[in-house]
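Student: Quick one, structure for this:
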Amino acid sequence: MRLKLSRPLVFFDLETTGLNISQDRIVELSYYKLFPNGTSESKTFRVKPVVMDMSGNKVQMHIPAEASAIHGIYDDDLKDCPTFAEIAAEVANIIADADLAGYNSLNFDLPLLAEEFIRAGVNIDLKSKKMIDAFAIFTRFEPRNLSAAYRFYCGKQLNDAHTAQADTLATYEVLCEQTEKYTDLPDTVDALAAYLQTGHKYADFAGRIGYDKDGKEIFNFGKYKGMRVEDVFRRDKGYYQWLYSTDFPQYTKQVFTRIYLNCK
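Tutor: Here you go, the predicted model:
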């Protein structure tokens, strides 16, 4: 890989119960951790998704058939697996000293992972990490999916697509080839992450809160779109309460809460 590492880089991929960041859960997490000295480690976790039932008890969440048809993971496969809360501390420790890389992770995997950490009560600052998204590079040069990217850059067919381990390792190989092919790409994680985030910098993972030219948080949606969040909260205190009652991701709500408390 031409990319120069000053810190470990963790490639990761999630398989989930669905595509709703706020409501769906992880059923498989795989990572490949590359260290600056060239050594690596990897592991795949199968995860039992849990939700609260009407009585407030934790029960296993059913994986919809359409999701199982994609990743091949079914309810019975996970009944004896740990919940995310039971592996959260281990996962947080794995990525604590690292930057992150994935495929379309900025739009899905990273925000969903943030939600799972919040539900597990594990405090980790994912926003401080550099994030390399091979999908963002791919769509700038060759807009296709991961299987096509793997075929295009690596000259191989991606077997076992939509399994976390196969997708994670394929993403690693794709990024290696991308950094070799596109020699005008930055060769450090910091610079490459900044390059990929040009025009797409948000205060939250879901893209609900952007920044204005002075670096102040602004609404990216709704009747106050483009206005500073702190200004809106000062004049319309009920709007914060409404936001907190919606099904926005928990991380987005945390950012709203921080701004609200700072402007009281």
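
Student: So which residue is dead centre in the chain?
Tutor: Leu110 (0.9 Å; Cα atoms, centre = their mean).

Student: ok so Ile137 is a helix residue?
Tutor: Yes - per DSSP: H, G, I helix; E, B strand; the rest coil, Ile137 lies within a helix segment.

Student: What segments of the stretch 151-264 of the chain are strands?
Tutor: 209-211, 217-219 (DSSP state E, counting those that start in this stretch).

Student: From what I see, the residue nearest to the centre of the chain and Leu100 are in contact.
Tutor: Yes - counting by Cβ atoms under 8 Å, Leu110 does reach Leu100; the two are 7.0 Å apart. C-betas here are computed from N, CA, C, even on glycine.

Student: what's the overlap in contacts for those two?
Tutor: Leu126, Met131 (Cβ atoms under 8 Å, 6 or more residues apart in numbering).

Student: residues touching the residue nearest to the centre of the chain, list them.
Tutor: Counted by Cβ under 8 Å, 6+ apart, Leu110 has contacts Leu100, Gly102, Leu126, Met131, Phe205.

Student: try Phe256
Tutor: Phe256 makes contact with Ile209, Val229, Tyr240, Leu243, Tyr244, Phe248, according to Cβ under 8 Å, 6+ apart.

Student: list the buried ones in the helix ranked longest in the chain?
Tutor: In the chain, with assignment by DSSP state H, the single longest helix is helix 164-181. Using 16 or more other Cβ atoms under 10 Å as the test for burial, helix 164-181 gives 164-179.

Student: Report all helices and strands that that helix contacts.
Tutor: Judged by 3 or more Cβ pairs under 8 Å, 6 or more residues apart in numbering; DSSP states H and E, the packing partners of helix 164-181 are strand 9-16, strand 26-34, strand 40-46, strand 99-102, helix 134-141, helix 146-154.

Student: Now tabulate those in TSV and tack on mean neighbour count, distance to Ala114 and mean pLDDT.
Tutor: Conversion of these to TSV gives the following (neighbours: other Cβ atoms under 10 Å; distance: least, Cβ to Cβ, whole Å; pLDDT from 0 to 100):
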stretch	mean neighbour count	distance to Ala114	mean pLDDT
strand 9-16	25	12	98
strand 26-34	23	11	98
strand 40-46	15	17	97
strand 99-102	24	11	97
helix 134-141	19	18	88
helix 146-154	19	22	91
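
Student: will you turn those into JSON lines that also has distance to Ile118?
Tutor: Listed next are the helices and strands packed on helix 164-181 as JSON lines, based on distance: least, Cβ to Cβ, whole Å:
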{"stretch": "strand 9-16", "distance to Ile118": "15"}
{"stretch": "strand 26-34", "distance to Ile118": "13"}
{"stretch": "strand 40-46", "distance to Ile118": "18"}
{"stretch": "strand 99-102", "distance to Ile118": "17"}
{"stretch": "helix 134-141", "distance to Ile118": "24"}
{"stretch": "helix 146-154", "distance to Ile118": "27"}
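
Student: Locate the residue of this structure with the greatest distance from its centre.
Tutor: Arg235 (33.2 Å).

Student: ok now do that residue, which residues does it touch?
Tutor: By Cβ under 8 Å, 6+ apart, Arg235 has no neighbours at all.
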